[in-house]
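Peer 1: have a look at this fold, sequence not included:
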């Protein structure tokens, strides 16, 4: 069983980059991303460099028992409307059951408490039932579906759009933490 007290998130640093690139380039992660090409070190480093000076994005390393395990990212952070998009993945395929839920809990807490957001938006490719169920488990509601929106493996796929409001999260988190 996962102990929430052993879970942590922190801002991504340059020392994390090699690990994160290995995760991101794994077949398991790439197949569920919009952009599924192998990412070069130069492209990865440029992505990280942008994080350092852009205020509209934040990437966090998720760890369990101080071992890096996953990545959370918030993009399109809008400080006027207090909204953002989020993305996530558990990089370690052998992670213990329940760790993803705890990563989501810490991610939502960070977004609503530290980033002062009122709404978080998420998306999942229509075939990614795991991501769809994950959003729902965290309390997100489906807000829409973009039909045949992107091409994956020479086939058009839907994009499912989700949202979670701060007030919903404050109520819902009590049901999944206990």
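Peer 2: Nice, I can see it. From a predicted model like this one, the values you see are computed outputs, not experimental measurements.

Peer 1: can you name the next helix or strand after whatever helix or strand residue 108 lives in?
Peer 2: Secondary structure assigned from DSSP states H and E places residue 108 in helix 99-109. Tracing the chain past helix 99-109, the next element assigned as helix or strand by DSSP H and E is strand 119-125.

Peer 1: following that next one, which helix or strand comes up?
Peer 2: Next element after strand 119-125 (DSSP H and E): helix 129-137.

Peer 1: the helix holding residue 108 relative to strand 119-125, how many degrees between them?
Peer 2: Per axes from the mean of the first three to the mean of the last three Cα atoms, to 10 degrees, the angle that helix 99-109 makes with strand 119-125 is 140 degrees.

Peer 1: show me what helix 99-109 is packed up against.
Peer 2: Packing partners of helix 99-109 (3 or more Cβ pairs under 8 Å, 6 or more residues apart in numbering; DSSP states H and E): strand 7-11, strand 58-64, strand 67-78, strand 83-90, helix 129-137, helix 166-177. Using the backbone N, CA and C atoms, a C-beta is placed for each residue, glycine as well.

Peer 1: low-confidence ranges in this structure?
Peer 2: For the chain, applying pLDDT under 70 flags the ranges 178.
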